[in-house]
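J.: The following block contains a protein sequence and its predicted model.
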Amino acid sequence: MRMPRGGRVFLAMCLGSLFILVLYFQSITRPAGEPSVNKSIPHAKGRRSPLQTLYNGDPQSELWLSQKLSLQDRRDLLEEACLTHTRKRRVLSPEDLRHLIVDDKHSLIYCYVPKVACTNWKRVMMVLTGDGRYSDPLDIPANEAHVTGNLRTLSEYTVSEINQRLRTYLKFVFVREPFERLVSAYRNKFTRSYNTAFHKRYGTKIIRRHRADAEPDALEKGSDVSFQEFVQYLVDPRTQREEPFNEHWERVHSLCHPCLIHYDVVGKYETLEPDAQAVLRLIGADGAVRFPTSGKSTRTDGDMSARFFNDISPFYQRKLFNLYRMDFLLFNYSTPQYLRTQ
């Protein structure tokens, strides 16, 4: 039985309304000194909201004021880059908000980006939002930090609740030099023997498509993908036509939508510890929880990335840079000196 045309139109309008979020044009144009603070969201008695702490001037140490100015510079650079390099505006659907983790206790929203300390940030968010079971983030096993349901995402709220939180909560994201993040993702997902799920899911497809005369064992296991084959897979137009990128190599601007959502804090992996401490200070939790420190010797850096790119032809380097160009531009990362695009 066909639904009358008028009924179909009405149904479409109702469904469409669920996806229309009155996002962030008001936040982008809001003066930095005048944060919008919704009185209906309770804060602990006597505690300022994080936005008030960030935007309003109070007697503070010279070091803290300098750090806040640095965060302001990053916000300004991001907004300028968005105005310069993006033309189309669109509304966001709940599906776009799956990476935004919400902490209602501290009026906080965190957009997690894989390979940018997101395991430790999820651990911290579990401590902040939890019932006291954990007090030290490192007590939380890494695999538990990634269990769906342990943390609530913005996509789980109603449209009015989403808009309220986007207007009034402190929103932050941590980013990383795009190619260092990409090399880190490759090393973790394709060179570690325990990542058999990634080998089966992606490695077999990459080898089948980008390796001539592949051995049957490689086609079956997908466990020895080279970085060159990984790059070919990323820039192959068929890849994104068939399905979205995996979150571990998806671009930050596609995961967190920084030109539609006004992030109050843009932290960087290169200054991870002081930036993380700044976020915790803004929500008044710096004395209650400490962001876990990481062994710098295990991190992917520019020198390591340069070695991985040695065997990539200028043709593929250029295509890969164009693929990740927006992340370089939005987050003020320079073109790597080792890159050969001519």
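T.: Everything's here; your move.

J.: C-alpha from now on. contacts and neighbour counts both.
T.: Noted.

J.: helix/strand/coil for residue 101?
T.: strand (DSSP: H, G, I helix; E, B strand; the rest coil).

J.: Same check on the one 4 residues further on?
T.: Under the three-state scheme (three-state DSSP), residue 105 adopts coil.

J.: and it, how far is that from residue 283?
T.: To residue 283, residue 105 is 10 Å away according to Cα to Cα, to the nearest Å.

J.: So for those two, which sits in the more crowded spot?
T.: For residue 105 versus residue 283, the count of surrounding residues by other Cα atoms under 10 Å is larger for residue 283: 21 against 14.

J.: so the more buried one makes contact with residue 52?
T.: No. Taking Cα atoms under 8 Å as the definition, residue 283 is not a contact partner of residue 52, at 10.0 Å.

J.: pull the helix or strand with minimum mean pLDDT from this structure.
T.: Least confident helix or strand, the chain: helix 25-28 with a mean of 39, by mean pLDDT, DSSP states H and E.

J.: Show the subsequent helix or strand relative to that one.
T.: Sequence order places helix 50-55 as the next helix or strand after helix 25-28, per DSSP states H and E.

J.: chain center to that next one, what's the gap?
T.: Here helix 50-55 is found 22 Å from its chain centre; the criterion is Cα atoms, centre = their mean, to the nearest Å.

J.: what comes up buried for that helix?
T.: Residues of helix 50-55 classed as buried: 50, 51, 52, 53, 54, 55 (neighbour count, 16 or more other Cα atoms under 10 Å).

J.: average model confidence for that helix?
T.: Average pLDDT, helix 50-55: 80.

J.: Show the secondary-structure elements that it is packed against.
T.: On a contact count with 3 or more Cα pairs under 8 Å, 6 or more residues apart in numbering; DSSP states H and E, helix 50-55 meets helix 272-282.

J.: Next, the buried residues of the helix it packs on.
T.: 272, 273, 275, 276, 277, 278, 279, 280, 281, 282.

J.: Would you mind listing where the stretch 51-200 of the chain has pLDDT under the threshold?
T.: 57-60 (pLDDT under 70).

J.: now the helices for it?
T.: 62-85, 118-129, 142-145, 159-168, 178-190, 196-198 (DSSP state H, counting those that start in this stretch).

J.: Give me the distance from the last one to the chain's centre.
T.: Read that as helix 196-198. Relative to the centre of its chain, helix 196-198 is centred 22 Å away, using Cα atoms, centre = their mean.

J.: now for the helix or strand that comes right after that helix, which elements pack on it?
T.: The C-terminal neighbour of helix 196-198 among helices and strands, as given by DSSP H and E, is helix 204-210. The helices and strands touching helix 204-210, judged by 3+ Cα pairs under 8 Å, 6+ apart, are helix 216-221, helix 227-235.

J.: And for the first one, what's in contact with it?
T.: With contacts defined as Cα atoms under 8 Å, 6 or more residues apart in numbering, helix 216-221 is touched by 196, 199, 200, 203, 204, 205, 207, 208, 224.

J.: so the last one touches residue 190, yeah?
T.: Yes. When contacts are counted by Cα under 8 Å, residue 224 is listed as touching residue 190 (7.0 Å).

J.: what sits in contact with each of those two?
T.: Common contact partners of residue 224 and residue 190 (Cα under 8 Å, 6+ apart): residue 203.

J.: These two - which one has more neighbours?
T.: Under the neighbour definition other Cα under 10 Å, residue 224 and residue 190 were set side by side, and residue 190 has more, 23 against 17.

J.: At the geometric centre of this structure, which residue do we find?
T.: For the chain, residue 113 is the residue whose C-alpha lies nearest the centre (Cα atoms, centre = their mean; 3.1 Å).

J.: Give me the phi and psi angles of that one.
T.: Backbone torsions of residue 113, given as degrees, to the nearest 10, read phi -120, psi 120.

J.: That one against residue 252, yeah?
T.: Yes. Between residue 113 and residue 252 there is a contact under Cα under 8 Å: 6.8 Å.
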